[in-house]
Every structure is written in structure tokens, then in C-alpha cells.
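[1] sequence and predicted structure are below.
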Amino acid sequence: MKKILNITLAAAFACAMTGCQDFLDTSSPSVVDRDFVFSNEESARGALYYGYETLRANRSVHNVGFFWHPVWGSDIEDSQDIYDEGSAGICEKWYYPGGTGNYNINSGEGTEVFTKLYETISVANSLISSFEALDNFQSIMTGEPNNLSDIYGQAVALRATCYWELCRWYGDVPHALNAGEQAKGLTSRYAIYDYHIRKLREVEPHMYRPGEGSTRADVMNRTYVQGLIGRLCMYNGGYATRRTDLGADFYVDGDGKVLTFDDWSVEKNGAIYGRRSDWKDLYAIAKEYLQAIYMNPGSVVLRTTDPRSTGKNGQEYNNPYQYMFQQMHAADNITLADESIYELPHEYNGGSSRPAYIGRPSSGGDGQAPCVACGQDRIQAHFYYGWFDNNDLRRDASVAVTGSTGGGQELMQSFDRSAWGKGCGPGTNKWDWNRMTAPDTKTYGNSGINFSYMRISDAYLMLAEVCAALGDEGSAKTYLAIVHNRAFPGNNDPNFEKYISDCGSVYNAVLKERALEFSGEGVRRFDIIRTGILPEVAVENRKVMSAIIEGIRQDGYYTFKNGNQIPAYIWTKMVDAKSEYGYRLTSQTPADKQDDPVLFPGWRGQHDDWGSLVPAYAGVTMTNVAIKGLFKYIEPGSAEALALEADGYVQTPWAIDMLKYEDSYAKKLFAGYTDADYAAKNPPIHLLPNIYQVLLNSGITNGYGFKQQ
């Protein structure tokens, strides 16, 4: 079941909660009534599912708006928008060019997410308080997992997840823990993290793993809690920008002890960038629980082979990484990705804005084939061309150089930054209207594609990272190899040791692997923040993108260390793929078809039968783009170019368009964190301010130089 909400119970709780509309009012009388909640197990589970529904319905935190911040603010992902210092979105995502003091705190995107997360916390607090008031609570939480201990553990995990989201976005926040308690005043984020790590460690032994009984990855299970403990420890012990205007004794741990910090930056804007000095203790906890996943993840599995056979028309799949994302497109309302530790479920053609905002682009509109998908997340050119090994199965499954027209045809994603929905460079390929069996074509926000909130590859790479950070490089290499080798044919990269050597260390190799594994998913921004490399990569990112543009300007191409070339122009033509190949939606490029202009790059094309869904496009036959010269420079006017043009190909602008938008593609990346900031060791402001209404109702203040109203 993709949508776990018990509709009858949820409706009852929702009606009871409608009177609770104040900002940050976490009192929820609807679920405080123990007699109702525990009249039977179904009632308790229904209350829990209502909490899940508030998180699922809070789509900005995992689908749109709020989520754009990480996919626009890293050194591998980018915006589709033209750089504009007056844009609230650009300011938030590019680290506040012009300074935090000039930012209008009431104009940003995703501002309601703060209060909506407290709505979910409210439900969890009520359920947790009701459990803890039971006369037999201790007996419930003793011994092996049981249904009630598992429900209680899920509520604890749901609340901890919300506080993780709040702390990574806002830093120090109100910490409400009891039913009916309003969220007032600021609490040290480190004390918040410590509290929830301890609470999760208490409930973890009393929860079911996926595959135990009826438990699946569409609820917060024991394996997820183990991963969440690791995740919280790594953020708790990682680098972050913290306030200096709250007093010397504000930043305390979970026991109220004042913390000391290892700081990288100087103080500026009432803020400083560093990590708590006892971070290794937290990483040791993370290692313990992440290793527990490695030893027994339940039914969750990292696939190293693709179970799909050859397609009925000869398509070759043979890509276990892509198979995982294909599972999230399933139409049966039952399928979850095998690799998901916890997956946010959506009914098919019911809710979910992937790929409308985060996914393969389409310039179509509602009612077209496919509908609009603006592709808010774009992939930086140096990452697509330069970071991936050419044999890495993830590259084409992750990055799309083509999108859709909305008329059943494939369309190049040019680097024309002004061409919304059909320009701005490569997009994310992990979620695509075309890969659904019978997608809704009426409205762009109704895909029903699931989203994996934690995957087992994340758990393995977190484990590799903490091992490397703690000096256990042998173990780190073992866990890194599991994820890395899966990305190569035959589950083996013969150049694995060279990969590590080229990265400079096992630790650096793990961080690069996380970028390759999770591109387009909004992970990289937080990785560069919490590992302390944000200042360094901000400078390096501008440097490499400027070098690429200069190469295009001077030579017509730029050559990367792996031999790939990004050219100023490519050659394209439309073809009837169904007549030629028997299908329009392509799969993994066969090893002997790397020169095929329709099959390479792979994982593109169009839905094989848009005409059955939108009859107006039934007669469209020239559906796929054949591409020549995408990774190898072809000189305009050369014999090769003239031969292509004689064969019907058209010289098409590619990287040349970046020259018109050099500020957006290179010079203004990370615009709020300049080379001068790096030289002066100023702290990066990566956190969000709260709007005036939240400040007014919660009794808190904005820091980091932001306005108060």
C-alpha cells in the first residue's frame, strides 16, 4: 500500500485539530485522549498514521519549495533560474549575496514548513505522552518487540525526524516534547540532537525491521531508527554555523554541560562555523548503529543485479541502480523500492510533485504528454562530464540531457538559461513522467511517484564515512566498495584502488561517492556543510566552471581529466525510434551501442504510447533525438560535421549558451560566499531565518544578521 493513512481515523483527528491554528501551537487535543487512542491497537496505529500523513502532506520539505534549497546550493547541483540578487530564492540558496541584513525575511520560499513540522511534532508528542502515561508502559517496553512498543518507537522516530529537519535548516529551535506544550524559546541544537539520539537508542531494540511481521519500509522501522541515529550523530558532530549572540552558556549538550568547539572560521554576523570538540564520541555511536544495519537490515537489500529481463522489444536493462528508481514509479500501490529503508508513499496519480519540480524536465502544460515538469534542479556541467567514470551506471540514470516537449517528443535541454523547462542544462533523470505506466496528464502536481527518505546505500556510505573519520580506513574501504562497485558492470570496478588514490584519501573518496550516488536528491549541500568543506568547494566550484566557459570561448570545447569533452555545439536530428528500434523509451546503452546516437546516452526517449493517453499525439512519430558530439568535440565546418548535416543532422547550440549567462553558471555560484570570505575565514550563512509571524508567536529571534521583522 502506497498510502498508509487510515482515512476514517485521520478524518476524525483532522476535524479535532482544526481549532488549533496558532503558529507553533503544538497542543493537539485530538490525540491526547488516552482512552480513545488506546481503546484498541487500531486506534493507536490510526493516530500514528495521521502523524505520518502530516509529514507526507508537508510536501515542501521533500518535494518542492523548501527542497529546492539543497538542489540549488551545492557544488554539483544548480538552479534553472538566471542569477538575480533581488530574488529571495537565489538569496536563500546561494548563501545570501548582498548580506543577510538586506534579506526580506517574509519573502522566502518554504516559510510555512517550520510550523508544519511542529504540527507533526504535535501529533507525535500527544501519542508519546499517552503511551508513557499507561500503567503498563514499562512492560510494553520490556523484552522483544511487540505491536505497541513498535508503534511507540515509530512515534519517537517521527518526532526525531522532524527535529532533524528543523535543526539542519534553522539551527537552534524551540524544543517541545510534551502533549499540549507550545513551542517557545530557543534550545541548543546540540541538546536537541543529544536528546533524540538517546530516545531513539531506547526504543530501537523494541521495534520491527522491514520484513518482520507486516512491517514494511513505508513506516519508520528499526532499520530506519538505526540509520537515523547515525544521521543525527553525524549532524550533531558535524560542522555548522552557530550563533554567538545567545550567550557563552547557551550551547550545551543533552546533560546541560557547556560545550567546547573546534572552529574553522572567525566570528562575523554574530556567527561562527565549527564543530563540537567531542564529535568523535558521536561518530562512535553512529558507527555502532550503522554497523547494526550492515549486519541485519531486515528485508532491505542493495541490489547488485537488475532483476528485469530484456524488454519485449529488445531493450537491455542491466542497471540495478536505475531499477531502484523505476520501482518508485510503480502503479500497483504496493511496490516499494527494495533499497528503501524508509520511503514516503504516494498513491499512483495522487499527490507528489516529482517530477513536476524535481525530475526530468518537460516544457508541456497540464493535459499534455507529459505535463509540465519545470526541472528546478539542474546538474552542473563539470559534475556530469567530469566526475563520473564513463562506465558508471549511475550517470545516465541520474542525469538527463533531454526532456520532453509536452507533445510526445524528446527535447534537448540547452544551456539557454532563459528557456524555462527546456533549457538551463542537464536535469535530474531519476523521476520521469515517461517512466510511469499510465501517468496522470491532467495536472503537474499529481504524479504519485514515491520518494525514498533513506536508502541502504546512504547507511553504508555513512558507515564508511564515520569509519574513515575515526581512522579505520580498512573498514571504510570495505563499506565504500559495496556501493561503488554496484555502480559498475558486473558489480566490479577494476579501477577501485585508483579511484581512491585519485581522490587523495579514503575519506575524500567516500564524500565523492555520496555525490555520485545521491545527485539531484539534495544531499550534497548538507554534506559539504557538515564536513566543513563548504568554504573550499565554493571557491573551487567557481574556478572550474569559469575554466570550462573560458575553454568554450577560446577553443570551442573543454576537456576533462577523464577525457570527456564538453563542446560548444552538438549535432541533433529527430527520428522515429519506434519504427527503428521497436520502442521510444530507451534503457541502458548496450556495450556495443555506445556510438548509437539514439541509445546513447541511455535512459531517455519518450513514453512508448503517449497517444493512448492523449489521443492528440497518437500520430506523432518523430519522437526521439539522435545526438552526435555530446562528449567529443566536432569542429563546425569539418568533414565530419558536413557529413552529419548531409545525413539530416542540425548544428545545435550546447555549451556555447553558457557564455551568455556566465554569472549564473560560474561567476556567481555560491554568490554569498566569496573568495574574499574564504580568505578571511568568514562563516558561511547556510541557515534560514524565520518569518516575523513565527518570531512573534514563539518568542524567538533571528540570528546571523537577519532582520527581526
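    Nice, I can see it. Numbering: from 1, shown residues only.

[2] any weak-confidence spans in the stretch 51-200 of the chain?
    For the stretch 51-200 of the chain, the stretches with pLDDT under 70 are 63-68, 109-111.

[3] is the residue nearest to R59 when sequence neighbours are not counted in a helix, a strand, or coil?
    Of all residues not flanking R59 in the chain, S353 sits nearest, at 5.9 Å (Cβ to Cβ, 6 or more residues apart in numbering). Every residue, glycine included, has its C-beta placed from N, CA and C. Per DSSP: H, G, I helix; E, B strand; the rest coil, the secondary structure class of S353 is coil.

[4] S353 touches G445, doesn't it?
    Yes - using Cβ atoms under 8 Å, S353 is in contact with G445, at 4.9 Å.

[5] looking at the two now, which is surrounded by more residues?
    Taking other Cβ atoms under 10 Å, S353 and G445 do not tie; S353 has more neighbours (25 against 17).

[6] what residue in this protein is the furthest from its centre?
    Distance from the C-alpha centroid of the chain, by Cα atoms, centre = their mean, peaks at A639 (44.3 Å).

[7] can you report phi and psi for that residue?
    phi -60, psi -40 (degrees, to the nearest 10).

[8] which pLDDT does the model give it?
    Model confidence at A639, given as pLDDT, is 98.

[9] nearest spatial neighbour of G171, skipping sequence neighbours?
    In space, and not counting its chain neighbours, G171 is closest to L687: 4.9 Å by Cβ to Cβ, 6+ apart.

[10] might one say that that neighbour is in contact with N269?
    No - when contacts are counted by Cβ under 8 Å, L687 is not listed as touching N269 (11.0 Å).

[11] what do the two both touch?
    Y704 (Cβ atoms under 8 Å, 6 or more residues apart in numbering).

[12] so between those two, which is more surrounded?
    Set side by side, L687 and N269 show more neighbours around L687, with 24 against 20, by other Cβ under 10 Å.

[13] looks to me like S452 is in a strand.
    Yes - assignment of S452 by three-state DSSP places it within a strand.

[14] specify the beta-bridge partners of the closest residue to it other than its chain neighbours.
    Among residues not flanking S452 along the chain, S340 sits closest, at 4.3 Å (Cβ to Cβ, 6+ apart). For S340, the beta-bridge partners are R455 (DSSP bridges).

[15] check contacts around S340.
    Taking Cβ under 8 Å, 6+ apart, we find S340 in contact with A217, V300, N450, S452, Y453, M454, R455, I456.

[16] now swap in I627 and tell me
    Going by Cβ under 8 Å, 6+ apart, I627 touches V401, T402, M412, I570, W571, T572, P597, F600, P601.

[17] if we use 10 Å, what do you get?
    Each residue near I627 by Cβ atoms under 10 Å, 6 or more residues apart in numbering is listed here: 401-402, 410, 412, 570-573, 596-598, 600-601, 604, 649, 652, 654.

[18] chain center to the helix or strand where it lies: distance?
    Assigned by DSSP states H and E, I627 falls within strand 624-628. Distance of strand 624-628 from the chain centroid (Cα atoms, centre = their mean, to the nearest Å) equals 29 Å.

[19] what pairs with that strand, parallel or antiparallel?
    The pairing partners recorded for strand 624-628 under DSSP bridges are strand 569-575 (antiparallel).

[20] C-terminal to the partner strand, what's the next element?
    helix 577-581.

[21] what lies in contact with that next one?
    With Cβ under 10 Å, 6+ apart, helix 577-581 has contacts from 313-315, 410, 575, 583-586, 596, 598-599, 605-606, 608-609, 621-626.

[22] buried set for stretch 555-567?
    G556, Y557, Y558, T559, F560, N564, Q565, I566, P567 (16 or more other Cβ atoms under 10 Å).

[23] beta partners of the third one?
    According to DSSP bridges, I566 are recorded as the beta-bridge partners of Y558.

[24] got the phi and psi for G359?
    When read as degrees, to the nearest 10, the backbone of G359 gives phi 160, psi -170.

[25] how many neighbours does it have?
    28.

[26] next structured bit after whichever helix in the chain runs longest?
    Looking across the chain with DSSP state H, the single longest helix is helix 147-170. As assigned by DSSP H and E, the chain's next helix or strand after helix 147-170 is helix 189-203.

[27] ok, E343 - contacts?
    For E343, the contacting residues are 2, 210, 216-219, 224, 327-328, 335-337, 450-455, by Cβ under 10 Å, 6+ apart.

[28] I'd say Y163 and D194 touch.
    No - in this structure, Y163 is not within contact of D194 by Cβ atoms under 10 Å, at 11.2 Å.

[29] give me the more crowded residue out of these two.
    Neighbour count, other Cβ under 10 Å: between Y163 and D194, Y163 has more, with 24 against 20.

[30] what about the more buried one, distance to A373?
    Per Cβ to Cβ, to the nearest Å, Y163 is found 32 Å from A373.

[31] lowest-confidence helix or strand of this protein?
    helix 7-17 (a mean of 40; mean pLDDT, DSSP states H and E).

[32] what's the longest helix of the chain packed up against?
    Under the contact criterion of 3 or more Cβ pairs under 10 Å, 6 or more residues apart in numbering; DSSP states H and E, helix 147-170 touches helix 41-57, helix 68-72, helix 113-132, helix 137-140, helix 189-203, helix 222-236, helix 524-530.

[33] most packed of those helices?
    helix 222-236 (a mean of 27; mean count of other Cβ atoms under 10 Å).

[34] list the residues that contact R275.
    By Cβ under 10 Å, 6+ apart, the contact set of R275 is 236-240, 242, 261-264, 282, 530-532.

[35] tell me the pLDDT of M1.
    At M1, the model reports a pLDDT of 40.
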